[in-house]
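Peer 1: Structure, please.
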Amino acid sequence: MPNGSIKRGYSLRRQLMLRFMAISLIPVVVVGVFSLWSTSYFGLQEKVATETADVHTVIALLNTELMYVREAGIKTQYIELVQQVLERERTDAGFQPDENERHRMRAELMATLSENKVHSIYVYGMRGNVYTSQPTVLLGYEKISAYDWYREGVASGRNYFWGEPVRLNSVWVLPYVRRITDPTNRILLGYSVTNLYESILTSSYISHGDVYVLSDDGTILSASDKSEIGQNFYEANGISGALLDGRTGYANVRGKGPRTYAVFSRNTFANPSLAKLFVYNNSQIIDNMLIMTGVTSASCIVVCAFLSAYLSKRFVRPLRKIRETVDRMRLGELSAPMHPRTDDEIGMLMDSFNNMSARLQASLEEIQRINEMRRRAEYRAIELQINPHFLYNTLSLIIYLADAGEADKVKQVSSALSTLFRISVNRGRELVRIAEEISHLRCYMDILSVRHQGEFKYVLDVDPAILEYYTIKIILQPLVENAIQHGIRDNMIADGFIRVTAHAENGRVIFEIMDNGDIPASRIEEMNAALRDYGSAQNFGIGMRNVDSRIRMFFKGDYGLSYQKRGEFTVAHIEIPVLEEDRYV
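Peer 2: Purely as a prediction, here's the structure:
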């Protein structure tokens, strides 16, 4: 049994029981299925043989009736008057039989009918004259020539052939057509048609079940249900006509139940073949086999249940101990050793597991220590990646203002620089309140406003409700620096404008830094591509990447930085989770 067929929630003991039962049940089921199939198959073959023998019996009965019709056709051919009249019609283009000749022909034809089996006899001359044993002509030359079976039979040149059923005076008859030739030179003089009562055939097989008399192409010539006469037997019963290529055979009949079959046999004496429908009901055999298989299977289940319970108890107990230890390890108890009581494979497995657990405990502790040291080192390195030129330029600005006697501005810039670095250092804490981050940004922009006086204006639009939330520090200042330097100054924007917004939405804090530097949309796409591929060699500012990498390193998930284009504005869009405490798990 495949592993995937047993639910994961099943215990090993139950799995062993299921496998034991499956192993023992498979042979039982296979033998049962084979026995069921063989019984059903050979039972059907026996039934087919019986029905085929019955069909052969019916064929023998039919041949007796068909022999009479053939004899009547042969007698008609050699009637002297028939030969004389047809010869005159063949040789004399203007010949028309008079009433006396027609009366004599009718009398001769009626004389050949010794039994009441033939409905009528018709003789057709080569010029279309018709002679019949009936008082009136019901099957004239034009009418019979319109039948495909008649034209095809005449064209084939055969000496005789059976036609398809024809209704004469509401009576079904089966035509037997025979060539009439001159016995001396074999010249064709005409054709005789001997019409056998279809009911004569029915009386031969009516006591033998649902029998059909068929033509070569499967047309029903005779049947108990007269409404079926003239239909194609193969099409009506969903049977391939190719099945009748042999002399005998059988097939399942569609549309009449799954147990209905047709057995058929060719008539070696005459053209018509026979088919018989029968029902093969093997439900009783199947029921008995199912009961036998069910009893055997139930016995195997009971025996296997006791056997598997005994074996699995001894085998599963030490494995259960291993599982309990693994469960404790999953809860963090890596120092809970097992105590094997045997020296077999299970005991060796426990010893190996104890050794692995000890090594795993030591490795995890070392990995945690190294990861923590690396994370702090990387984070601290990113924090310290502030452009040293800013500090140099700010100090130069203070000296310049002092020389110019701008004491108030010296005080303003010095105070802002002091606050900026106080928040940057922040006693090594990774998280600060958003209020502190905004204060840090305001100090930075105040310094730049003095340094680049008149080049830009800025607006801080921060929702007061988020000021007490927490964020990692120094994520806005590098982006504002990029906006001023690369968005406004590099593009020589005369009236630079910076807008910083912050609000909470759907459990996230969203920061946006907008500038009117009007960076092309293609450049925006390149910037976003560089953020997605940190190893990209494209020339973009380190501050942008540092902000994004710090956010993704700290918060994981889909938080981070992206750039958007809104009209003439370039927007740096940051998303972080809402943090109401100065820690993040």
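Peer 1: which element follows the helix or strand hosting Ser203 toward the C-terminus?
Peer 2: Using DSSP states H and E, the element containing Ser203 is helix 198-205. Downstream of helix 198-205, the next assigned helix or strand under DSSP H and E is strand 210-214.
Peer 1: now the angle between helix 198-205 and that following strand, please.
Peer 2: 130 degrees (axes from the mean of the first three to the mean of the last three C-alpha atoms, to 10 degrees).
Peer 1: Strand 210-214 packs against which elements?
Peer 2: Packed against strand 210-214 by the contact rule (3 or more C-beta pairs under 8 Å, 6 or more residues apart in numbering; DSSP states H and E) you find helix 12-77, helix 198-205, strand 220-223, strand 273-279. Where you see a C-beta, it was placed from the backbone N, CA and C, and this is true even at glycine.
Peer 1: want to throw the ones you listed into CSV with distance to Tyr563 and mean pLDDT?
Peer 2: Shown next, in CSV, are the helices and strands packed on strand 210-214 (distance: least, C-beta to C-beta, whole Å; pLDDT from 0 to 100):
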stretch, distance to Tyr563, mean pLDDT
helix 12-77, 56, 78
helix 198-205, 93, 88
strand 220-223, 83, 86
strand 273-279, 80, 71
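Peer 1: Just the element for Val459, please.
Peer 2: strand 456-462.
Peer 1: typo on my end, His440
Peer 2: Here His440 is assigned to helix 434-451, by DSSP H and E.
Peer 1: Send me stretch 493-500 as CSV with only the CA atoms.
Peer 2: C-alpha atoms of stretch 493-500 as CSV (Å, rounded to 0.1, in the frame of the first residue of the first chain):
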residue,chain,number,x,y,z
ILE,A,493,14.4,73.3,-9.9
ALA,A,494,14.0,77.0,-9.1
ASP,A,495,11.1,76.5,-6.6
GLY,A,496,11.9,73.2,-4.9
PHE,A,497,9.2,71.7,-2.8
ILE,A,498,9.4,68.8,-0.3
ARG,A,499,6.3,67.3,1.3
VAL,A,500,6.6,64.6,4.0
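Peer 1: Buried ones in that stretch, by neighbour count?
Peer 2: Under the neighbour-count criterion of 16 or more other C-beta atoms under 10 Å, stretch 493-500 has Ile493, Gly496, Phe497, Ile498, Arg499, Val500 buried.
Peer 1: what sits up against the strand or helix carrying the fifth one?
Peer 2: In the assignment (DSSP H and E), Arg499 maps to strand 496-505. Residues outside strand 496-505 that contact it (C-beta atoms under 8 Å, 6 or more residues apart in numbering): 434, 438, 441, 445, 455-463, 465-466, 469, 476, 480, 483-484, 487-489, 509-517, 578.
Peer 1: Poorly predicted segments of the stretch 401-550 of the chain, please.
Peer 2: For the stretch 401-550 of the chain, the stretches with pLDDT under 70 are 423-428, 534-541.
Peer 1: what is the orientation angle of the helix holding His440 with strand 456-462?
Peer 2: 170 degrees.
Peer 1: one step back: just the buried residues of stretch 493-500 now: which is nearest Gly230?
Peer 2: Nearest to Gly230 among the buried residues of stretch 493-500 is Arg499, at 92.7 Å by C-beta to C-beta.
Peer 1: quick one: the closest one and Ser439, what's the gap?
Peer 2: 18 Å (C-beta to C-beta, to the nearest Å).
Peer 1: Dump the helices and strands packed on strand 210-214 to TSV, plus mean neighbour count and distance to Ala402.
Peer 2: Shown next, in TSV, are those (neighbours: other C-beta atoms under 10 Å; distance: least, C-beta to C-beta, whole Å):
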stretch	mean neighbour count	distance to Ala402
helix 12-77	16	83
helix 198-205	20	131
strand 220-223	23	122
strand 273-279	20	118
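Peer 1: Any idea which of those gets closest to Ala146?
Peer 2: Closest approach to Ala146 among these (C-beta to C-beta): strand 220-223, 18.7 Å.
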